[in-house]
Each structure stands twice: as structure tokens, then as C-alpha cells.
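Asks: Model the structure of this input:
(one chain, ligands or ions: 1)
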Amino acid sequence: SLLAGIVAGVNAAAIPNAACAVCAPAPYLAQCQDVLAGGPVAWGAQDVSAQPGGAYTGEVAASMLADFACTYVIVGHSERRAYHGESSGLVAKKAVAVLDAGMTPIVCVGETLAERDAGQTVAVVSSQLGAVLDLVGERVANIVVAYEPVWAIGTGKTATPAMAQEVHAQLRAQLTAKNAVAAETVQILYGGSMKPDNALELMAQPDIDGGLIGGAALKAADFLAILHAAN
Ligand SMILES: O=C(CO)COP(=O)(O)O
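Replies: Sure thing, here's the model as predicted:
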């Protein structure tokens, strides 16, 4: 019903200047394909194996996600880094696996509260993004970056637009140093308690190109309101 609500809302009103996708847990991707194929809402996965194939029981390879016509795969979400011990090196391998299978990785970076308080925000996100940039090479144009301060995820605490923009500008500069042409079109999304009432102000920032939305995406009306703000 969530997918149907999103599709109905996207179809009901013109949203010419914004695009959206739903990233679902792997068991629901067949359902995403059934409901969303041929329409304006893309879909993708929330994680992937770093291994392209082989005997890795329980893992979901990028080629399997491609079988369900995923466009996007989130890699390096802070919950993967925190609860599953994923290093930036592993996240970079996952991004490459996604690119190799013809999909777009959404590479998440973000600092914890302790890291922000210690003045390490820029060092942390630069190192997380740098590991990916080292491995993807010239395919940097084909990635999406998501800045998600860990302290803002699911907490109701949002980075102020100025705080987020500061980090986004830093990430843009890092992308520019890698490939100036690609950096102009790589989307940098903000995630962390983005809601209908703060989305417009966040996305009005010059280097915030969209949102990676958790809790508010679980209500179609809120997701659609954020999409209209993006538009
Ligand atoms: O982690 C997030 C999206 O991946 C953000 O979650 P919230 O929007 O619930 O803070």
C-alpha cells in the first residue's frame, strides 16, 4: 500500500523537476518491480555483497539485484558501518560491484556526534568518500553521494541547512578535485530526519541536490510532500 500510495501521488500531480526512487529490503524487490515497472518511480536495494558472485551463502550479489531491474543500491549506510563493521574499503568494493552490474551506488557518508564534537567531521566524511573515489576511478560520474550525519538519523535532530551545506560543499570540492566535470552533475543527497517541514530549506542549499529519507518515507503523504519540495 505504501508503493501504491507513492505511485498514485506521483501520477496525480506534475513533478517535472524532481525524480524519486524507493530503496527496499531485498525480499521486497520483486514486488517493487511488479508495482513500479514502467512508471516514474525507480527502485533499488539497501545493501549488496562486495563479491560479484560465488559461494557466499546469505549474500545478495549485485547481479541478483540487477535481475530485479534495480536502478540504485545504497552502500555504506551508517547502520551497516556501525552494526556490521563495514569499513570504507569494503563500502568502496560494494560501490564497484554495483557499477560493474550496471546500477548506480548511493554512497553514504557521515560522522557520529563524538566525531563532530571532536572537530573531525570533514576528516571522517573525506576519508569515507575518498576510499570510494580511489576505487571507482573515472566512473565517479555514475555515483550518487548521500551525507547522513549519524546523530541525525532517526533521532528527529536535523542538521541545520547551513551545517549540511558546509559538509556538502566540502564533498563537492573533493569530487571536483577528482573530476571537475563529473562533480557538477553528481547528486549529493542529505539524509537525517528530513521531513516535509524542513525539506525545502535543506534542498534550497546550493550543494544539496535531494534527500535520502528514512522515517518520513514510510508515510506516502510525507514522502510526496518532500518530493514536491524537491521539485
Ligand atoms: O538513514 C536514513 C535514510 O537512509 C535517514 O533516516 P531518517 O530520515 O529516519 O532520519
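Asks: what's the helix or strand where residue 164 lies packed up against?
Replies: Using DSSP states H and E, residue 164 falls within helix 161-178. Helix 161-178 sits against helix 121-136, strand 144-147, helix 180-185, strand 188-190, helix 196-203, with contacts defined as 3 or more C-beta pairs under 8 Å, 6 or more residues apart in numbering; DSSP states H and E. Where you see a C-beta, it was placed from the backbone N, CA and C, and this is true even at glycine.
Asks: Next, see if that helix gets close to the ligand.
Replies: No: remark: helix 161-178 sits outside contact range of the ligand, by C-beta under 6 Å from any ligand atom, the gap being at least 12.7 Å.
Asks: what's that helix in contact with?
Replies: 109, 121-122, 125-126, 129-130, 133, 140, 145, 147, 149, 159, 182-183, 186, 188, 190, 201-202, 204-208 (C-beta atoms under 8 Å, 6 or more residues apart in numbering).
Asks: Pass me the low-pLDDT residue ranges in this protein, would you?
Replies: The model of the chain has no residue with pLDDT under 70.
Asks: how about the residue of it found nearest the ligand, phi and psi?
Replies: Of the residues in the chain, the one nearest the ligand is residue 214, at a distance of 2.2 Å by C-beta to the nearest ligand atom. Backbone torsions for residue 214, taken as degrees, to the nearest 10, come to phi -100, psi -90.
Asks: does it really touch residue 191, like I thought?
Replies: Yes: the criterion here is C-beta atoms under 8 Å, and residue 214 meets it with residue 191 at 6.9 Å.
Asks: rewinding a little: and the helices and strands packed on helix 161-178 as a markdown table, adding distance to the ligand and mean neighbour count?
Replies: Shown next, in a markdown table, are those (distance: least, C-beta to the nearest ligand atom, whole Å; neighbours: other C-beta atoms under 10 Å):
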| stretch | distance to the ligand | mean neighbour count |
| --- | --- | --- |
| helix 121-136 | 15 | 19 |
| strand 144-147 | 7 | 25 |
| helix 180-185 | 22 | 12 |
| strand 188-190 | 9 | 26 |
| helix 196-203 | 11 | 18 |
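Asks: okay if I get these as CSV plus distance to residue 26?
Replies: Listed next are the helices and strands packed on helix 161-178 as CSV, based on distance: least, C-beta to C-beta, whole Å:
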stretch, distance to residue 26
helix 121-136, 22
strand 144-147, 19
helix 180-185, 29
strand 188-190, 21
helix 196-203, 28
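Asks: between the ones you listed, which gets nearest to residue 31?
Replies: strand 144-147 (23.2 Å; C-beta to C-beta).
Asks: for the residue most central in space within the chain, which residues make a bridge with it?
Replies: Nearest to the mean C-alpha position of the chain, counting by C-alpha atoms, centre = their mean, stands residue 106 at 4.0 Å. Assessed by DSSP bridges, residue 106 has beta-bridge partners residue 74, residue 144.
Asks: contacting residues around it?
Replies: Counting by C-beta under 8 Å, 6+ apart, residue 106 has contacts 23, 44, 72, 73, 74, 75, 143, 144, 145, 146, 189, 212.
Asks: Which residue is the nearest non-sequential neighbour of residue 206?
Replies: Nearest-residue entry for residue 206: residue 165, 6.9 Å, with adjacent residues in sequence omitted and distances by C-beta to C-beta, 6 or more residues apart in numbering.
Asks: Could you count how many residues lie near that neighbour?
Replies: Per other C-beta atoms under 10 Å, the neighbour tally for residue 165 reads 20.
Asks: and if you look at residue 52?
Replies: Neighbours of residue 52 (other C-beta under 10 Å): 14.
Asks: which SS state does it fall under?
Replies: Here residue 52 is coil, with the state taken from DSSP: H, G, I helix; E, B strand; the rest coil.
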